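> Fold the following, please.
(one chain, ligands or ions: 1)
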Amino acid sequence: MDDILTEKPSVSVEMAPMEGITTAVYRRVYRKWFEGIDRMYTPFLVANRTHKFKTREKKETEVCSQDLIPQILTDKAEHFIWAARELRSAGFSEVNLNAGCPSATVTTKRKGAGMLEDTRALRSFLDEIFTAKESGDLPEISIKTRVGVSFYSEAEDIADIYAMYPFAKVIVHPRIRDDFYKNVPNKDAFRVFYDRISHDKLVYNGDLRNTEDVRMVYRGFPGLSGIMLGRGLLADPFLPKRIWLGDDAGETPFSEEEKKNLLGFLEELYEEYERELSEGTAIVKMKDLWNFMAVSFPGNEKLLKAIRKSRNGSEYKTAVRNCLR
Ligand SMILES: Cc1cc2nc3c(=O)[nH]c(=O)nc-3n(C[C@H](O)[C@H](O)[C@H](O)COP(=O)(O)O)c2cc1C
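Predicted structure coming up:
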C-alpha cells in the first residue's frame, strides 16, 4: 500500500468542509493554485422548515461540479429530502449528511453529532431518506460522522446502523462528540467501522497533517476509499501533492518556490474576499485562515503577530509578504 505514495494515490484525497473557512471562494482559489484534491464538500447548509437556503448558503452551491458535494445539517428527514431534491435539480449527484458537528447549539437540537444520541431516531431518519431515494429523484447520499457522543463503545451500534444503508461514502472522524477537537483520533473506534463497512466507501478523517500520518493510516487500514484533510490542509495546502509524491515536509515545510505559490494564493484569496465582502471582512476571513496556517511558520512569531495586528488591507498585505519572504 506504500506504493501508492509514489504516484497519484488511487484513494481519493478529499478537502474537509470547514464552516467559514473552506468557502466557495477558498475552494475556487485553492483549485487554481494547488493540485491533488479529488473531492470537496461545502460547509454545512442548514435544512429546516423554511425549505429555503440562506443567501450565504446559496453562494456555496452556485457553481456545480462533479467533485463538489454539498453538505446538509438537519434533524428531520423531511427537510433533508427537500434539500437533497433541490440540490439534485441544481445538478449535484451526491449530498452529504453532517453527523459530526459537536457544537452545543447544534447537538442540543439533535443535529450534527447530536444525531448519534438516539440510535432509534437515527435509524428512522435513515430509513426515511433511503426510502425516498428508492423513488429515484434523490442524489447519492454520503455521511460524515463522529463515532459516538460520550463513549467510544457507541461506535459498535453506529457502525452497524450505517452498514445497513447504501451510502455512497461513509466518512469517519474517530472522535466522540465530547472530545470536540481534543484528544487523539481513536484508531480502535475507526477499526470498528473498518470491520463493518465496505472499504470502497470508507474515508478516514482526523489529524492528518503530513505524509507520515497518512502512511500510518494506509498501513493500518489498507484499501480505504479515501482520506479527508482538514486543518492539515489549511496549514499546508501542498499536502495532497506531498502525499502523492511521498515527500515528508520538515520543520519549515515551504521551499522558496512554494512560498511564491503560497503568496500568490493568499493574495488572490484576499482580493476575492475583498471584492465579494469588504476590506474589513476580508481581513477577518484571512486572519481566521492564518490561525490554522500559523503552525507552518515555527519561530516566526513576530511576523505572525504583525498579520494578527494588521488593521487594513495594506498593513495586512505587507505583513503577509514579510512572512513569506
Ligand atoms: C473551524 C471548523 C469548521 C468546521 N466545519 C465543518 C462543517 O461545516 N462540516 C463538517 O462536517 N465538519 C466541519 N468541521 C470538521 C472538519 O471537517 C474535520 O472533520 C475536523 O477538523 C477533523 O479533521 P482534521 O483533523 O483533518 O482537521 C469543522 C472544523 C473546524 C475546525
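> who in the stretch 201-325 of the chain is up against the ligand?
Residues of the stretch 201-325 of the chain found near the ligand (Cβ under 6 Å from any ligand atom) are Asn205, Gly206, Asp207, Leu208, Leu229, Gly230, Arg231, Gly232. Glycine gets a C-beta too; all of them are placed from N, C-alpha and C.
> Looking at these, which are in strands?
Among these, the members found in strands (DSSP state E) are Asn205, Leu229.
> okay if I get the residues of the stretch 201-325 of the chain next to the ligand as TSV plus neighbour count?
Shown next, in TSV, are those (neighbours: other Cβ atoms under 10 Å):
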residue	neighbour count
Asn205	24
Gly206	26
Asp207	17
Leu208	25
Leu229	26
Gly230	22
Arg231	19
Gly232	22
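> Would you mind checking which of the residues of the stretch 201-325 of the chain next to the ligand is nearest to Pro17?
The nearest member of those to Pro17, counting by Cβ to Cβ, is Gly230 at 8.3 Å.
> what pLDDT does the closest one get?
On the pLDDT scale, Gly230 is placed at 98.
> So it is in contact with Tyr204, correct?
No - using Cβ atoms under 8 Å, Gly230 is not in contact with Tyr204, being 11.6 Å away.
> just to revisit the earlier point, closest one to the ligand out of the residues of the stretch 201-325 of the chain next to the ligand, please.
Comparing those against the ligand with Cβ to the nearest ligand atom places Gly230 closest, at 2.5 Å.
> mind listing what the closest one touches?
Ala16, Met18, Asn205, Gly206 (Cβ atoms under 8 Å, 6 or more residues apart in numbering).
> let's see it at 6 Å
With contact taken as Cβ atoms under 6 Å, 6 or more residues apart in numbering, Gly230 is in contact with Ala16, Met18.
> Give me the distance between it and Thr55.
As for Gly230, its distance to Thr55 is 26 Å (criterion: Cβ to Cβ, to the nearest Å).
> pLDDT averaged over stretch 261-275 - what is it?
On average, stretch 261-275 scores 98.
> just the CA coordinates of that stretch, formatted as CSV?
Extracted in CSV, the C-alpha atoms of stretch 261-275 (Å, rounded to 0.1, in the frame of the first residue of the first chain):
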residue,chain,number,x,y,z
ASN,A,261,2.9,30.0,-4.8
LEU,A,262,1.5,30.3,-1.4
LEU,A,263,1.9,34.1,-1.5
GLY,A,264,0.1,34.2,-4.9
PHE,A,265,-2.7,32.0,-3.5
LEU,A,266,-3.1,34.2,-0.4
GLU,A,267,-3.1,37.4,-2.3
GLU,A,268,-5.7,36.2,-4.7
LEU,A,269,-7.8,34.8,-1.9
TYR,A,270,-7.7,38.2,-0.1
GLU,A,271,-8.6,40.1,-3.3
GLU,A,272,-11.5,37.8,-3.9
TYR,A,273,-12.8,38.2,-0.4
GLU,A,274,-12.4,41.9,-0.6
ARG,A,275,-14.3,42.0,-3.9
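> The chain should start at 24 in everything you say after this.
Let's use 24 as the start, then, which means that last one is stretch 284-298.
> give the contact list for Val237.
Leu231, Ile266.
> how about 7 Å then?
Counting by Cβ atoms under 7 Å, 6 or more residues apart in numbering, Val237 touches Leu231, Ile250, Ile266.
> so which helix or strand takes in it?
helix 234-243 (DSSP states H and E).
> If you count neighbours, what's buried in that helix?
Residues of helix 234-243 classed as buried by neighbour count (16 or more other Cβ atoms under 10 Å): Thr234, Asp236, Val237, Arg238, Val240, Tyr241.
> What of stretch 189-204?
Of all the residues in stretch 189-204, those buried under the rule 16+ other Cβ under 10 Å are Phe190, Ala191, Lys192, Val193, Ile194, Val195, His196, Pro197, Arg198, Ile199, Arg200, Asp202.
> Quick check: the two most widely separated of these?
Ala191 and Asp202 (26.4 Å).
> wait, Leu286 sits on Leu347?
Yes - counting by Cβ atoms under 7 Å, Leu286 does reach Leu347; the two are 4.5 Å apart.
> Compare neighbour counts for these two and give me the winner.
Between Leu286 and Leu347, counted using other Cβ atoms under 10 Å, the more crowded position is Leu347 (20 against 17).
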